[in-house]
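[1] Structural data only, the sequence is not supplied:
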């Protein structure tokens, strides 16, 4: 077991409601080749896309798996409650339906999507059928401030301590930590979301427009919920290019057609000194780890 500071963490409720998908007056989205089409996008209840599914298989743009929630409460004209929902929710947190026909049912947080500022929650297919847009979902936000005392050069964020315990992490020499991932990704193809001032909410996208790179790194089989390693990157205090740095992230939303976009990666761990050592494993997905969590 990797030692954590779990006993110091606060567990606190945050809440949101299931959002509605949206569309603009001009419904078309144009890809880098100039082709335009109308694509399903963010929000709502997505019945046929969940963690474990391919990130680039569906005809859509930024589609979010299962359930997308937001908190629309404004305090003095500011979206403070939604910022709290996004910053304090952690992947693996328990999420409970507190209104509607599925009241009392539970799922788990799978990620956070920047720009639209949604928190994403997975439920079983049976529960998805009983949910309705507008239903409220309360999350036990637990994990903010999590750290690994034996690894001072590694920063952890956006992870429930129970999820970390379910991951087969391995301590190596020289304060390095081996982390299973399904893919490694060169930082040079990371796009939308880079340059954000912090990494406690949101994500940044893997550009998939260079077919040669996609083939070289085997990215065509990326799945939602995959843990991936971004090489030559750091996200300690914002997402940047950093030679020798390593970022571990989770694929949280599906692929995109817009220039600079692609499957979204939420930050899970980062080391500017490269103390994170990726180990390729096809099992490094939230589906595997959620099955081990209590």
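    All right, it came through fine. Predicted model, so just to flag it, every value in this text is computed and none were measured.

[2] So which elements touch the lengthiest strand in the chain?
    As assigned by DSSP state E, the longest strand anywhere in the chain is strand 240-253. In terms of contacts (3 or more CB pairs under 8 Å, 6 or more residues apart in numbering; DSSP states H and E), strand 240-253 is packed against strand 106-113, strand 227-234, strand 264-271, strand 276-280. Backbone N, C-alpha and C define where each C-beta goes, glycine included.

[3] How confident was the prediction at residue 113?
    With respect to pLDDT, residue 113 has a value of 98.

[4] before we move on, what about residue 24?
    At residue 24, the pLDDT recorded in the model is 89.

[5] What separation do you get for it and residue 132?
    Separation of residue 24 from residue 132 (CB to CB, to the nearest Å): 24 Å.

[6] So between these two, which is more surrounded?
    Neighbours were counted for residue 24 and for residue 132 using other CB atoms under 10 Å; residue 132 has more, 12 against 8.

[7] quick one, helices of this structure?
    Ranges of helices in the chain, per DSSP state H, are 80-88, 125-128, 161-166, 211-216, 286-290.

[8] Give the buried residues for stretch 239-246.
    239, 240, 242, 245, 246 (16 or more other CB atoms under 10 Å).

[9] now do stretch 118-128
    For stretch 118-128, by 16+ other CB under 10 Å, it's 118, 119, 120, 121, 122, 123, 127, 128.

[10] which of the residues you listed lies closest to residue 171?
    residue 122 (29.9 Å; CB to CB).

[11] so what's that closest one bridging to?
    residue 108 (DSSP bridges).

[12] if we can go back for a sec, using a markdown table, please lay out the buried residues of stretch 239-246 together with pLDDT.
    Compiled in a markdown table, the buried residues of stretch 239-246 are given as follows (pLDDT from 0 to 100):
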| residue | pLDDT |
| --- | --- |
| 239 | 97 |
| 240 | 97 |
| 242 | 97 |
| 245 | 98 |
| 246 | 98 |
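
[13] and among the helices of the chain, the most buried is which?
    Of all these, helix 286-290 has the most neighbours on average by mean count of other CB atoms under 10 Å, namely a mean of 22.

[14] ok, the buried residues of stretch 239-246 vs residue 89, which is closest?
    residue 239 (18.8 Å).

[15] give the contact list for the nearest residue to residue 164 once chain neighbours are set aside.
    Closest residue in space to residue 164, ignoring its immediate chain neighbours: residue 4 at 6.3 Å, by CB to CB, 6 or more residues apart in numbering. Going by CB atoms under 8 Å, 6 or more residues apart in numbering, residue 4 touches 146, 147, 148, 149, 161, 164, 165.

[16] Return the closest of the residues you listed with respect to residue 192.
    Checking the contacts of residue 4 one by one against residue 192 (CB to CB), the nearest turns out to be residue 146, at 26.6 Å.

[17] and the nearest residue to that closest one once chain neighbours are set aside, what is it in contact with?
    Once flanking residues are discounted, residue 146 sits nearest to residue 156: 5.1 Å by CB to CB, 6+ apart. Counting by CB under 8 Å, 6+ apart, residue 156 touches 146, 147, 148, 164, 268, 269.

[18] Spit out the contact partners of the fourth one.
    Remark: with contacts taken as CB under 8 Å, 6+ apart, residue 164 is in contact with 2, 4, 146, 156.

[19] just the third one next, same as before
    Taking CB under 8 Å, 6+ apart, we find residue 148 in contact with 2, 3, 4, 154, 156, 177.

[20] Could you count how many residues lie near the first one?
    When you say that, I think you mean residue 2. 15.

[21] distance of it from residue 161?
    From residue 2 to residue 161 the distance is 10 Å (CB to CB).

[22] try the second one
    Distance from residue 3 to residue 161, counting by CB to CB: 11 Å.

[23] who does the residue nearest to residue 146 bridge with?
    residue 269.

[24] Could you chop the chain up by domain?
    Following automatic domain parsing, one finds the domains of the chain at 6-142, 155-290.

[25] from the ones you listed, which stretch is densest packed?
    The stretch of the domains of the chain with the highest mean neighbour count (mean count of other CB under 10 Å) is domain 155-290, at a mean of 20.

[26] hmm, back to that, which members of the contacts of residue 164 are the farthest-apart pair?
    2 and 146 (11.1 Å).

[27] what about stretch 89-96, how long is it end to end?
    13 Å (CA to CA, to the nearest Å).

[28] From the chain's centroid, how far away is it?
    12 Å (CA atoms, centre = their mean, to the nearest Å).

[29] contacting residues around that stretch?
    The contact list for stretch 89-96, computed with CB under 8 Å, 6+ apart, reads 14, 104-112, 119, 121, 137-144, 146, 158-160, 162-163, 166, 250, 266, 268, 286, 289-290, 293.
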